[in-house]
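Q: Attaching a predicted model along with its sequence, questions to come.
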Amino acid sequence: MTREAITDRLANGDVLLLDGATGSELHRRGVNVSKGAEPGKLGPWSATANIDAPEVVRAVHEDYLRIGVDVLTSNNFWTSAARLNMVGLGSEWERYTRAAAEIALAARDAVNPHAYVAGGIAPPVHGDLRSEFLDQTRVLTDAGVDLMLAEYVGYLHDFAVAVEAAGSTGLPVFLGVRHVTLDGTLQYGDSFEDLARELRSLPVAAILLMCSSPPEISACLPRLRDAWDGPIGAYANIGYTINPNFGQPGEQWHLIDQETYGPERYAGYVREWLAMGVSIVGGCCATGPEHIAELRKLIPMRAG
Ligand SMILES: [Zn+2]
């Protein structure tokens, strides 16, 4: 089927609902997303689930699709060779990358063919961002994703590199900016004007603040709105934090708190963000289907 270009949807003023977390939701459903992790150092996180537990990845995707999300994010956060190498699977990165895309696309085709699948990739932290993003983007585009979500980017010098590499095959690129602060700055103290300057003349379809607490996003969205004319969005980390006791057998590297920001409280923040002019909302770490279902009520569904 033909889907209207997502950039046209945004240009028409539509508000789009993203899914919620995948990695922490897999963790919540009992999947080991801490393979290769050590105290202070996370491995490839949810990437291994694409081969270890594909049916659970698919179930998470399908739950979000049934709620009515417009955009599903594939489980490609750390399917890069550099991250999979931490568990000796670096040479199999393409298999893990493609599997994640295929699971997301199959879920979409089965539940809601109108939804878009975003290939969601993150900087490998250790490794070359440009070459890893070029590799991931090539495989994800070939698999058939509709857009790229270059997320969890934080260093000022990484923004343009990430957008260019994720856009190298011609798909629209959403940029996800991590860990913004209550002071209204980017993670390392840069301003939103700095960010906009880095991205000047690059084809970025939307900028989203992500993996930050709801109050941090509320503090920064007005700054982003002032600095950047294009579509903006937000999806918060509501409570996925490092487990201080990590290291015992069977434990996961993170702890999940879904109580501090329950679905209704989180939806209250999102309502505020919609009033600030965002047109893309969803959830990052620790959000689950219950949170996204609450957000669905805030956004009018498009007829047809
Ligand atoms: Zn997150």
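A: Noted; the coordinates are in hand.

Q: Quick check: Trp253 vs Thr241, distance?
A: Separation of Trp253 from Thr241 (C-beta to C-beta, to the nearest Å): 10 Å. Where you see a C-beta, it was placed from the backbone N, CA and C, and this is true even at glycine.

Q: who's more crowded, the two?
A: Under the criterion of other C-beta atoms under 10 Å, the comparison of Trp253 against Thr241 puts Trp253 first, with 23 against 12.

Q: and the more buried one, what does it touch?
A: Val33, Ser34, Ala37, Leu42, Trp45, Ile242, Asn243, Phe246 (C-beta atoms under 8 Å, 6 or more residues apart in numbering).

Q: For the first one, list the residues it contacts.
A: By C-beta under 8 Å, 6+ apart, the residues touching Val33 are Gly23, Ser24, Leu26, His27, Trp45, Ser46, Thr48, Ala49, Gln252, Trp253.

Q: quick check, nearest of those to Ala59?
A: When those are compared for distance to Ala59 (C-beta to C-beta), Leu26 wins out at 9.5 Å.

Q: three-state assignment of the closest one?
A: Under DSSP: H, G, I helix; E, B strand; the rest coil, the three-state class of Leu26 is helix.

Q: Give me the contacts around the helix or strand where Ser131 lies.
A: Using DSSP states H and E, Ser131 sits in helix 129-143. Applying C-beta under 8 Å, 6+ apart, the contact partners of helix 129-143 are 74, 76, 79-82, 93-94, 97-98, 101-102, 105, 119, 121, 123-124, 148, 150, 158, 161-162, 164-171.

Q: Equivalent analysis for stretch 51-64, please.
A: 19-20, 22, 25-26, 29-32, 49-50, 72, 75, 95-96, 99-100, 103-104, 106-108, 110-111, 289, 292.

Q: The ion versus the spatially closest residue to Thr22 that is not a sequence neighbour, what's the distance?
A: Using C-beta to C-beta, 6 or more residues apart in numbering and skipping residues adjacent in sequence, the residue nearest Thr22 is Asn75, 5.0 Å away. Taking C-beta to the ion, to the nearest Å as the measure, Asn75 falls 13 Å from the ion.

Q: Tell me the backbone dihedrals of Asn75, please.
A: In terms of degrees, to the nearest 10, the main-chain angles of Asn75 are phi -90, psi 60.

Q: and the angle from the following helix or strand past the helix holding Ser131 to helix 129-143?
A: Using DSSP H and E, the helix or strand that follows helix 129-143 in sequence is strand 147-153. Here the directions of strand 147-153 and helix 129-143 differ by 150 degrees (axes from the mean of the first three to the mean of the last three C-alpha atoms, to 10 degrees).

Q: now for strand 147-153, which elements pack on it?
A: strand 116-121, helix 129-143, helix 156-166, strand 173-178, strand 206-210 (3 or more C-beta pairs under 8 Å, 6 or more residues apart in numbering; DSSP states H and E).

Q: if we go to 6 Å?
A: For strand 147-153, the elements it packs on are strand 116-121, helix 156-166, strand 173-178, judged by 3 or more C-beta pairs under 6 Å, 6 or more residues apart in numbering; DSSP states H and E.
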